[in-house]
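Undergrad: Sequence first, then the predicted structure, then my questions.
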Amino acid sequence: MNEREALERHPFAAGLSDPQISALLPCARRVRYRAGAVIFREGAAATSLYLIITGGVALEQHVPGKGDLALESLGPGDLLGLSWIFPGGHWLLTARATTDTDALELNARDVLQRMDLDPALGFALSKHLVAQLCQRLERVRLQRLDVYRAPK
Amino acid sequence: MNTAGPMTPRPVVVRNIHIESDDVVTLDLATESEAWSFQPGQFNMLYAFGVGEVPVSMSGDPSQTDRLVHTIRSVGAVTEALCRTPLGGVVGLRGPFGTPWPMDTVRGRDLVVVAGGLGLAPLRPVLYDVLRYRSDYGRISLLAGARTPEDLLFKREVERWKQQAAIDVHLSVDRAPAGWNGQVGVVTSLLSSIDISAQTVAFVCGPEVMMRFTVRELQRRRVPAERIYLSMERNMKCAVGFCGHCQLGPSFVCKDGPIFRYEQLKSLFWLPEI
């Protein structure tokens, strides 16, 4: 699967036209991480977004005295990284590959620029971003409910 | 065979105890000579003498007729007494009661089993049945969630199923300690990692809130209401539809359930205070 096919098949680019895919393609490069590799670290500048193709990624937070705690796992079809949406953002979590992972890394500045230049592309990608955010928010809400905790 | 009537408990002996986690144990119950039979999804009323009675689903292999297996979480006076029953101790038993998981409906189809927390216990007999008659079924996926890695039930057995590859097993925990390399997140997030066909049937058991989120996600994946089955385990007291404690709209959970098709429940499922 080449970069174009990988982009076309990823849910983040679902429904985009051929010219829109072509516009995004120069922003993308294929990346591969071995299990255990850090993809980005908490506090570093958020300059990319990642579309996971295969493998798995844990989002971790370092808690003093407890170590690196995994808060959420992401897998194929997921968008990794949201802090890039607002320029100048920094990663709030560390992302670590839990298995060998293939992804497309997109340069955030270039993507944002193309979204500004082509409002239709910007709107389509924004809708995908909102859908992803809503889905993740729903999961976090259920996680917060702590439904398996023994009643007191 | 029980000739004393459905309200009279029979004494049964604890033949084996498996400690599953800090507050969950599995008891193998038996008598000297009785052969037991039940269908996956059914439950018994277990009586801790002098303390009280609670409904507990069978979690063992339906093909093993020399014992009845129950997995119990210590959350109150009765369950705590049951969990503390020693080897050779005696408890009272009435049953089996309730409707089973519709195994015949699934034959020839794909099945996704979604279990949250202790919800894996009533679903384990389904997996035993599926493994026993594996060629009768299509693709089988088990999605199991727990609070922490320590709370995952039947760890060795689930690991063995994973190795055998007869079932596609996916596990997730809501919170993980440092060093945990498995999936972290709610059990519903696992649905995105499996294929769902036009013929997929879903069996779901867990806390009701978890089942609501699961139903929503299954419907997003286009699994229709008539192919989603839920185990509702509410307030069951008499187990035979006399007392009305477990009434859910027009149904009694103990008698008409605990397994319901989502289609039967959907008008009530989202109503508060019912």
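TA: Received it, and whenever you're ready, just let me know what you need.
Undergrad: So what's the residue count around residue 144?
TA: All of this refers to chain A. Per other Cβ atoms under 10 Å in any protein chain shown, the neighbour tally for A:Arg144 reads 10. All C-beta spots, glycine's among them, are computed from the backbone N, C-alpha and C.
Undergrad: could you do chain B instead?
TA: Neighbours of B:Ala144 using other Cβ under 10 Å come to 24.
Undergrad: One more: B:Ala35?
TA: Based on other Cβ under 10 Å, the number of other residues close to B:Ala35 is 8.
Undergrad: Need the pLDDT of it.
TA: We have a pLDDT of 76 for B:Ala35.
Undergrad: Surely it forms part of a helix?
TA: No. Counting by DSSP: H, G, I helix; E, B strand; the rest coil, B:Ala35 falls outside a helix, being coil.
Undergrad: average pLDDT across stretch B:126-146?
TA: Stretch B:126-146 comes out at a mean pLDDT of 96.
Undergrad: mind checking the end-to-end distance for it?
TA: Start and end residues of stretch B:126-146 are separated by 19 Å (Cα to Cα, to the nearest Å).
Undergrad: before we move on, what about stretch B:180-198?
TA: End-to-end distance for stretch B:180-198, by Cα to Cα: 35 Å.
Undergrad: From B:Trp161, how far out is the residue nearest the centre of chain B?
TA: The residue lying closest to the centre of chain B (Cα atoms, centre = their mean) is B:Pro122, at 1.7 Å. The gap separating B:Pro122 from B:Trp161 is 17 Å, by Cβ to Cβ, to the nearest Å.
Undergrad: hang on, the earlier thing: got a list of what the residue nearest to the centre of chain B touches?
TA: By Cβ atoms under 8 Å, 6 or more residues apart in numbering or on different chains, the residues touching B:Pro122 are B:40-41, B:43, B:57-59, B:205, B:231, B:233, B:258.
Undergrad: Same check on A:Leu121?
TA: Listed by Cβ under 8 Å, 6+ apart, the contact set of A:Leu121 reads A:16, A:20, A:23-24, A:114-115.
Undergrad: rerun that using 10 Å as the cut-off
TA: Residues in contact with A:Leu121 (Cβ atoms under 10 Å, 6 or more residues apart in numbering or on different chains) are A:16-17, A:19-21, A:23-24, A:111, A:114-115.
Undergrad: List only those of the residues you listed flagged as buried.
TA: Neighbour counting by 16 or more other Cβ atoms under 10 Å in any protein chain shown classes A:16, A:20-21, A:23-24, A:111, A:114-115 among those as buried.
Undergrad: Specify the beta-bridge partners of B:Arg94.
TA: Note on B:Arg94: beta-bridge partners by DSSP bridges are B:Met45.
Undergrad: I'd assumed B:Ala4 was in contact with it.
TA: Yes. Between B:Arg94 and B:Ala4 there is a contact at 9.2 Å, judged by Cβ atoms under 10 Å.
Undergrad: The closest residue to chain A within the stretch 101-250 of chain B: which element?
TA: Closest to chain A within the stretch 101-250 of chain B is B:Ala178: 3.2 Å, counting by Cβ to the nearest Cβ. Using DSSP states H and E, B:Ala178 falls within no helix or strand.
Undergrad: Tell me the confidence at the closest residue to it other than its chain neighbours?
TA: Leaving aside its sequence neighbours, B:Ala178 sits nearest to A:Gly67 (Cβ to Cβ, 6 or more residues apart in numbering or on different chains; 3.2 Å). pLDDT for A:Gly67: 87.
Undergrad: Run a quick neighbour tally on A:Gly67.
TA: By the measure other Cβ under 10 Å, the count of residues near A:Gly67 is 11.
Undergrad: Which one's more surrounded, B:Arg94 and B:Ala4?
TA: B:Arg94 (23 against 9).
Undergrad: give the contact list for that one.
TA: Applying Cβ under 10 Å, 6+ apart to B:Arg94 gives the contacts B:2, B:4-10, B:43-47, B:53, B:55, B:238-240.
Undergrad: and the gap between it and chain A?
TA: The gap separating B:Arg94 from chain A is 24 Å, by Cβ to the nearest Cβ, to the nearest Å.
Undergrad: tell me the pLDDT at that residue?
TA: 94.
Undergrad: Could you check how far it is from A:Leu79?
TA: The gap separating B:Arg94 from A:Leu79 is 52 Å, by Cβ to Cβ.
Undergrad: Relative to B:Arg84, how far out is B:Ile72?
TA: 10 Å.
Undergrad: So for these two, which residues contact both of them?
TA: Here B:Ile72 and B:Arg84 have B:Val25 as joint contacts, going by Cβ under 10 Å, 6+ apart.
Undergrad: May I have the phi/psi pair for the residue nearest to B:Gly116 when sequence neighbours are not counted?
TA: Nearest non-adjacent residue to B:Gly116, counting by Cβ to Cβ, 6+ apart: B:Gly206, 2.5 Å away. Per-residue torsions, B:Gly206: phi 170, psi -170 (degrees, to the nearest 10).
Undergrad: Help me confirm that B:Ala202 is found in a helix?
TA: No. Assigned with three-state DSSP, B:Ala202 falls outside any helix and is strand.
Undergrad: got the contact list for it?
TA: B:Ala202 neighbours (Cβ under 10 Å, 6+ apart): B:106, B:110-114, B:141, B:143, B:191, B:196, B:214-215, B:217-218, B:221, B:223-224, B:227-230, B:262.
Undergrad: Now do the strands in chain A.
TA: A:28-33, A:38-40, A:48-54, A:57-63, A:67-74, A:79-80, A:94-97, A:101-107 (DSSP state E).
Undergrad: quick one: contacts of the fourth one?
TA: Translated: strand A:57-63. Looking at what lies outside strand A:57-63 - Cβ under 10 Å, 6+ apart - the contacts are A:33, A:37-39, A:41-43, A:50, A:67-75, A:78, A:80-81, A:91-99, A:101, A:103, B:176, B:178, B:180-185.
Undergrad: any chance you could map the helices in chain B?
TA: Ranges of helices within chain B are B:77-83, B:103-106, B:120-132, B:155-164, B:208-220, B:253-256, B:262-269, based on DSSP state H.
Undergrad: Many thanks, I have nothing further to ask.
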